[in-house]
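J.: sequence below, structure please.
(chains A, B, C and D)
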There are 2 protein chains.
Amino acid sequence: MSATEKQHWWVGELAGATGLTVRALHHYEKVGLLVPSERSPAGYRLYGSADVRRLYRIVALRRLGLRLDAIAALLDGRGLDLADLLGRQLEAVEDQMAEAQALRSRLTALRDGLASEVEPSIDQLIDTMEAITMYERYYTPDQLERLERRREDVGEEAIATAEREWAEIFATVRGEMQAGTDPRDPRLDSCRRRVRELLDAMTGGEADLRASMNEMWANEDPETLTRGMVDRELRDYYMRMFKAPEGMSAG
Amino acid sequence: MSATEKQHWWVGELAGATGLTVRALHHYEKVGLLVPSERSPAGYRLYGSADVRRLYRIVALRRLGLRLDAIAALLDGRGLDLADLLGRQLEAVEDQMAEAQALRSRLTALRDGLASEVEPSIDQLIDTMEAITMYERYYTPDQLERLERRREDVGEEAIATAEREWAEIFATVRGEMQAGTDPRDPRLDSCRRRVRELLDAMTGGEADLRASMNEMWANEDPETLTRGMVDRELRDYYMRMFKAPEGMSAG
DNA sequence: CTTGACCCTGACCCGGGGGGAGGGCGTACG
DNA sequence: CGTACGCCCTCCCCCCGGGTCAGGGTCAAG
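T.: Residues are numbered from 1 along each chain as shown, chains lettered A, B, ... in the order given. Predicted structure coming up:
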């Protein structure tokens, strides 16, 4: 109680010192998180040193993303297992990171998917979104992330080159199909080899990626998947190219 | 207009089909995003096939995290550069990912920092938070992430071992200090070597981490930094251990 | 006494709906 | 033909963490 020590602070001083706004301090009072211990005769809020200490704790806890009611409960010692609270907070943050990552992955996929268009239309955007949704049905979030990282690693040019290669391959295969060539004919060996190389480049040889890709390729509409480049007939011919001759079951 | 084709849907059907709630569809109508083109005599909302198509687009765009007003603007063709919108959305998502990552990093650091306590108190939590805030002042987010990854890589046991080693080193150094040994005395060479090894283990030999660490070590209160293990006197003695003899300037 | 910076309360606003009250329809079954 | 059950309607308040007025009082220096 020495006369030289400051007894109380006005709301503006505290706001300036903590980086909060006056309005925020009003709000904290309203929800019962920080009620100034005194008022001046004119009704001004007067915060004592205990209030100030409490405020600094509030600010620290806010940096963990805790909600105001959780902070109040903590500071007032009302139950709440600390470790448990932090654990649940961590879980919530990880959930929202996963959500944000999914969003980002969709947005970048969309950007890449629309990059070739001069002025992309909403229709194209929706189509691409449907393709993305399809991908999300077949790949786990983890797999999608790995695919994305691979795309980043190989770079845009390599991807553009690969796209052209696929187009060439499918053109060649379509030609053989229309010529009536047997899909297992050795004449298609070079195509098969190039396909294997391309797939290896896309998946980095990871088997689970390959499995998910095959699953999608077998079940989904190829026209949607390849944006019109491959129709069902060609897709079925293509799949027969890689089937072992004995494995032809009637199912 | 064939009689066999369904002309319209009730809200509940659409809600069930899209995974939205009836309430959400009411909301979309209120904000003008999706207004059913008809009403039954009793006032029931009747959605036509165009409405349904629009709704599916809304759902697709919502998966990008777009706001309802942005979606309405897009679907109504009101200006809005598509690429620009997606770019800004991506930026926003990346901001919120960075924020979530900062939160997660604080929470895990806190968990690790409090792991040694049986039943951590709020006071200890606040102290640890202050230490974390200090770290954030000296390391960039990127550096913090690298430090964290290194901690994960070396594992808990190695960290605990390192902690014990630091304690031993500081005990030894304190002994020499109290015995009046010159900080540059060769007798401390083995300590210096162990310190260098430990720092290398912590930073993986990355120079910028080392620089930030030195900065913090030089400027901050060592008692806070080491939770009371090192006081200012010992810190200063320790720093002189690594200074070149000629480099002693008066500034 | 005035001026300018500070303070007060009260109220509405944001986003994307959740939840419920109170009451009207649709339709299948007895 | 009644009735039971599920669906639908509108209207209203609630969440969270404050932002942003509006309208008026207070403090300290000149």
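
J.: now do the strands in chain A.
T.: Ranges of strands in chain A, per DSSP state E, are A:38-39, A:45-46.

J.: do you know how far the residue of the stretch 151-251 of chain A found nearest DNA strand C is from residue B:99?
T.: Per CB to the nearest atom of the strand, residue A:224 is where the stretch 151-251 of chain A lies closest to DNA strand C, at 26.3 Å. Where C-beta positions appear, they are placed from N, C-alpha and C, glycine not excepted. Per CB to CB, to the nearest Å, residue A:224 is found 36 Å from residue B:99.

J.: quick one: which of those two has more around it?
T.: residue B:99 (15 against 12; other CB atoms under 10 Å in any protein chain shown).

J.: how near is the more buried one to residue A:93?
T.: 10 Å.

J.: one more: residue A:21?
T.: From residue A:21 to residue A:93 the distance is 25 Å (CB to CB).

J.: and the two? which has more neighbours close in?
T.: residue A:93 (22 against 13).

J.: that older thread, got the contact list for the closest residue in space to the residue of the stretch 151-251 of chain A closest to DNA strand C that isn't next to it in sequence?
T.: Once flanking residues are discounted, residue A:224 sits nearest to residue A:131: 6.4 Å by CB to CB, 6 or more residues apart in numbering or on different chains. For residue A:131, the contact set (CB atoms under 8 Å, 6 or more residues apart in numbering or on different chains) comprises A:113, A:224-225, A:227.

J.: just the buried residues out of those residues, in PyMOL syntax.
T.: If you want just the buried ones from these in PyMOL, going by 16 or more other CB atoms under 10 Å in any protein chain shown, the selection is:
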select buried, chain A and resi 113+225
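
J.: what about whatever residue of chain A ends up closest to DNA strand C, neighbour count?
T.: Nearest residue of chain A to DNA strand C: residue A:12, at 2.5 Å (CB to the nearest atom of the strand). Here the number of neighbours of residue A:12 (other CB under 10 Å) works out to 13.

J.: residues in contact with it?
T.: Here residue A:12 is in contact with residue A:22 (CB under 8 Å, 6+ apart).

J.: any figure for the gap between it and residue A:33?
T.: Counting by CB to CB - residue A:12 and residue A:33 are separated by 19 Å.

J.: what does residue A:167 give?
T.: From residue A:167 to residue A:33 the distance is 62 Å (CB to CB).

J.: and these two? which has more neighbours close in?
T.: Applying other CB under 10 Å to residue A:167 and residue A:33 shows that residue A:33 carries more neighbours, namely 19 against 12.

J.: so that one makes contact with residue A:68?
T.: Yes: Residue A:33 lies in contact with residue A:68 (CB atoms under 8 Å); the separation is 5.4 Å.

J.: quick one: residue A:52 and residue A:15 touch, right?
T.: No: Residue A:52 lies out of contact with residue A:15 (CB under 8 Å); the separation is 12.0 Å.

J.: report all helices and strands that the worst-scoring helix or strand of chain A on mean pLDDT contacts.
T.: One helix or strand of chain A scores below all others by mean pLDDT, DSSP states H and E: helix A:222-225, with a mean of 83. The contact analysis (3 or more CB pairs under 8 Å, 6 or more residues apart in numbering or on different chains; DSSP states H and E) places helix A:222-225 against helix A:122-138, helix A:232-241.
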